[in-house]
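Asker: pasting the structure only:
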Ligand code: URA
């Protein structure tokens, strides 16, 4: 895979605001999204969490991690002693993509091509925020950060993303999808332990 990021910017964004304008003006690759969902949090947060792509609620509200996965993530952050307002939350892909089923809009996973399309913007975002630690939440974020598809189970824990200190863990929506309660509880606890580790690494 191609790890290099070579974009021809019309004008290289020098702030998150300028970057977000570029993303909004580019619009969704696949039509349907209401709006772009930008990263949110302090411009120089110590920790950046990278998710996959906005979901239905995020698309409506224009904010990352405000739907069911976001609520579970909030709970886990709190248990791990991380203040959501002090970290920066973003996504590998900035527009919601879905399949319409009746009234429901069912999230569809971004393709590798879509991840690649958004990657220069994610990299610029990380360069601007310059956190101490970048956290990949799940496989899509990991693909965006490394250019490689690697199972989370085999790469979980500390990592380097280029020259950035990183950490790899599961996506909170993976926890929501686990079928039985006991498995879910154990996976949630392991996620909270990862977050506590992340908190200590970014001190
Ligand atoms: N899942 C994500 O990856 N990101 C969001 O913002 C919400 C759900």
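Answerer: It's in. Note that the coordinates shown come from a computational prediction; the quantities given were computed from them, not determined experimentally. Residues are numbered from 1 along each chain as shown.

Asker: Work out the gap between the longest helix anywhere in the chain and the centre of the chain.
Answerer: Among the segments of the chain that qualify as a helix by DSSP state H, the longest is helix 181-201. Computed by Cα atoms, centre = their mean, to the nearest Å, the separation of helix 181-201 from the middle of its chain amounts to 17 Å.

Asker: what do you get for stretch 50-61?
Answerer: That offset, for stretch 50-61, works out to 10 Å (Cα atoms, centre = their mean).

Asker: can you check stretch 57-65 too?
Answerer: 13 Å.

Asker: Could you do stretch 76-87 as well?
Answerer: 16 Å.

Asker: Also stretch 40-53?
Answerer: The answer for stretch 40-53 is 8 Å, by Cα atoms, centre = their mean.

Asker: how about that stretch: buried residues?
Answerer: 40, 41, 45, 46, 47, 48, 49, 50, 51, 52, 53 (16 or more other Cβ atoms under 10 Å). In short, each C-beta sits where N, CA and C put it, glycine included.

Asker: ok, the first one touching residue 64?
Answerer: Pointing back at residue 40 there. Yes - taking Cβ atoms under 8 Å as the definition, residue 40 is a contact partner of residue 64 at 5.5 Å.

Asker: which neighbours do these two share?
Answerer: 89, 90 (Cβ atoms under 8 Å, 6 or more residues apart in numbering).

Asker: near the ligand, which of the buried residues of stretch 40-53 show up?
Answerer: With Cβ under 6 Å from any ligand atom as the criterion, those include 51, 52, 53 near the ligand.

Asker: for the chain, which spans come out with low pLDDT?
Answerer: Scanning the chain for pLDDT under 70 picks out the ranges 1-7.

Asker: Which residues does the longest helix of the chain contact?
Answerer: Residues contacting helix 181-201 (Cβ under 8 Å, 6+ apart): 47, 72, 76-77, 79-82, 132-133, 135, 156-158, 165, 167, 169-170, 172, 174-175, 178.

Asker: Next, find the distance separating the closest residue to the ligand within the chain from residue 69.
Answerer: Here the residue of the chain nearest the ligand is residue 51; by Cβ to the nearest ligand atom that distance is 2.8 Å. Computed as Cβ to Cβ, to the nearest Å, the residue 51 to residue 69 distance reads 8 Å.

Asker: that older thread, can you pick out the most distant pair from the buried residues of stretch 40-53?
Answerer: Greatest spacing in the buried residues of stretch 40-53, by Cβ to Cβ: 46 and 53 (24.1 Å).

Asker: Leaving out sequence neighbours, find the closest residue to the residue nearest the centre of the chain.
Answerer: Note on the chain: the residue nearest the mean C-alpha position is residue 51, at 1.8 Å, using Cα atoms, centre = their mean. The shortest distance from residue 51 to any non-neighbouring residue, by Cβ to Cβ, 6 or more residues apart in numbering, is to residue 91 (4.6 Å).

Asker: And for residue 121?
Answerer: residue 23 (5.6 Å).
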